[in-house]
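Q: following is a predicted model, sequence given first.
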Amino acid sequence: MKEADQTLIRLLSDGKSHSGSELGDRLGISRAAVWKRIQRLEQFGLALESIKGKGYRLRQPLQLLDVDRMAENVAERARLHYSWVTDSTNADALALPGPVSIPHLFISECQLSGRGRRGRQWQSPFAANIYLSLRYSAAGGFSTLGGLSLVVGAVVADALVALDPCLPVTIKWPNDLVINGSKVGGILIELAGEMDGQVDVVIGIGMNGAMTSSQAADIDQRWTGLAGEMQGNYDRTAIAAAILDALLDALPLFSEKGFAGFSALYARFDGVLGRKVRVISGDNELIGMACGVTDEGALKVDDGTQVRELFGGEVSLRLQ
């Protein structure tokens, strides 16, 4: 994104109306050039309005990330990479040559090709949500990483509740963060390396923040955002910093004890425990009662004849 576009976004970020002549004077360009730049900003998912006689405004104010504040928070524990626009923070993390000696954190205001699980697109409008990825190197091979997505979900949920103790966030196995039945966030783990040796781990986290209905038009499931759920306590930078801080604190314990070191924390936020679930994996479908998870993070489902352990699949709590 060009520097002039960044300046234009900062000018509009207050959500108030700004005339084309005012914006042109601030940017040193003509009103016609302002209009062209406004049109270009729409490709980043910004919800803009043109009001006759008043000029241009965003449908809601933006909270741009305070990068200095986040960098100070992670201090010497990790290296922070910030961008205004990127294709995907997970892709950026995977592209980093490895192994890495310390964790690298990638965070962006906007993703043009945000990715969810199973190749799904993750809606990533500019400064509306939180898009971040953490890259670190782990020894011991893929088998040591069982339950990682559950650990990340529990750690993120715990960080959110620390910011707002009344937030009723739960985890829908294996990697959805949910509030009152509506998805508020997701986790995407990607691995590269040797089956039994060094592994490069990328933890991708997307949290819905303050999307408008038009920005979320392509989402095909119930969703909610932290801006509405936190009732006035929504601070995008504080949330991102808390998540990063909690993840960096959790990694050493996970390396030492695996999922077992977080099983009690996960149980606090387990949103499927004791509920009837449908689990779809490929062409297979299993319906039964969810009865917790194993120390490797597998979902235990009692189908009425036996308790099965599932390491993957899509869980649905709606059985009609």
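A: Now that the structure is in, tell me what you want to look at. Numbers count the residues shown, from 1 in each chain.
Q: what residues does residue 110 make contact with?
A: 44-45, 84-86, 124-127, 131 (C-beta atoms under 8 Å, 6 or more residues apart in numbering). C-betas here are computed from N, CA, C, even on glycine.
Q: do that again at 6 Å, thanks
A: Residues counted as contacts of residue 110 (C-beta atoms under 6 Å, 6 or more residues apart in numbering) are 44, 85, 124, 126.
Q: quick one: it is in a helix?
A: No - assessed by DSSP: H, G, I helix; E, B strand; the rest coil, residue 110 does not belong to a helix; its assignment is strand.
Q: tell me how far residue 189 lies from residue 148.
A: Residue 189 sits 6 Å away from residue 148, going by C-beta to C-beta, to the nearest Å.
Q: give me the more crowded residue out of those two.
A: Set residue 189 next to residue 148 and count neighbours by other C-beta atoms under 10 Å: residue 148 wins out with 23 against 16.
Q: how about that one, what does it touch?
A: Listed by C-beta under 6 Å, 6+ apart, the contact set of residue 148 reads residue 189.
Q: ok, now with 10 Å
A: 138, 174-175, 187, 189, 191, 201, 203, 251, 254, 258-259, 262, 297 (C-beta atoms under 10 Å, 6 or more residues apart in numbering).
Q: would you reformat those as a markdown table and include distance to residue 244?
A: Listed next are the contacts of residue 148 as a markdown table, based on distance: C-beta to C-beta, whole Å:
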| residue | distance to residue 244 |
| --- | --- |
| 138 | 18 |
| 174 | 21 |
| 175 | 18 |
| 187 | 14 |
| 189 | 16 |
| 191 | 20 |
| 201 | 15 |
| 203 | 10 |
| 251 | 11 |
| 254 | 15 |
| 258 | 22 |
| 259 | 21 |
| 262 | 17 |
| 297 | 22 |
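Q: can you turn the buried part of those into a PyMOL selection?
A: Only the buried entries of these go into this PyMOL selection, using 16 or more other C-beta atoms under 10 Å:
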select buried, resi 138+174+175+187+189+201+203+251+254+258+259+262+297
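Q: for residue 312, state which of the contacts of residue 110 is nearest.
A: For the contacts of residue 110, the residue nearest residue 312 by C-beta to C-beta is residue 124; the value is 24.9 Å.
Q: now do the lengthiest helix in the chain: distance to the chain's middle.
A: Taking DSSP state H as the criterion, the chain has its longest helix at helix 236-257. Distance, stretch centre to chain centre, for helix 236-257: 13 Å (C-alpha atoms, centre = their mean, to the nearest Å).
Q: do stretch 208-219 as well
A: 14 Å.
Q: also stretch 205-224?
A: 11 Å.
Q: would you mark the buried spots in it?
A: Buried residues in stretch 205-224, defined by neighbour count with 16+ other C-beta under 10 Å: 205-212, 215-216, 223-224.
Q: residue 52: which of these is nearest?
A: Distances from residue 52 to these, taken by C-beta to C-beta, are shortest for residue 212, at 21.1 Å.
Q: next, residue 301: phi, psi?
A: phi -130, psi 120 (degrees, to the nearest 10).
Q: same check, this time on the one 10 residues further on
A: Reported as degrees, to the nearest 10, the phi and psi values for residue 311 are phi -100, psi -10.
Q: quick one: residues contacting it.
A: 146-147, 174, 281, 294, 296-299.
Q: let's see it at 7 Å
A: Neighbour list for residue 311: residue 298 [criterion: C-beta atoms under 7 Å, 6 or more residues apart in numbering].
Q: quick one, strands of the stretch 151-300 of the chain?
A: Using DSSP state E, counting those that start in this stretch, the strands of the stretch 151-300 of the chain run over residues 169-172, 176-179, 182-193, 199-207, 276-281, 284-293, 299-302.
Q: count the residues that sit near residue 166.
A: Look at residue 166: counted by other C-beta under 10 Å, it has 9 neighbours.
Q: quick check: the gap between it and residue 160.
A: 11 Å.
Q: repeat for residue 312
A: Separation of residue 312 from residue 160 (C-beta to C-beta) stands at 25 Å.
Q: thinking again about what came up before, list the buried residues for the longest helix of the chain?
A: For helix 236-257, the neighbour count (16+ other C-beta under 10 Å) marks 236-248, 250-251, 254 as buried.
Q: sorry, back to before: ok, residue 312 and residue 160, which is more surrounded?
A: More crowded of residue 312 and residue 160, by other C-beta under 10 Å: residue 160, with 25 against 10.
Q: tell me the pLDDT at the more buried one?
A: Looking at residue 160, its pLDDT is 97.
Q: just to check, it is in contact with residue 170?
A: No - between residue 160 and residue 170 there is no contact under C-beta atoms under 7 Å: 11.0 Å.
Q: show me where the stretch 51-200 of the chain has helices.
A: Assigned by DSSP state H, counting those that start in this stretch, the helices in the stretch 51-200 of the chain fall at 67-74, 89-95, 148-163.
Q: just want the most central residue of this protein.
A: residue 206 (1.1 Å; C-alpha atoms, centre = their mean).
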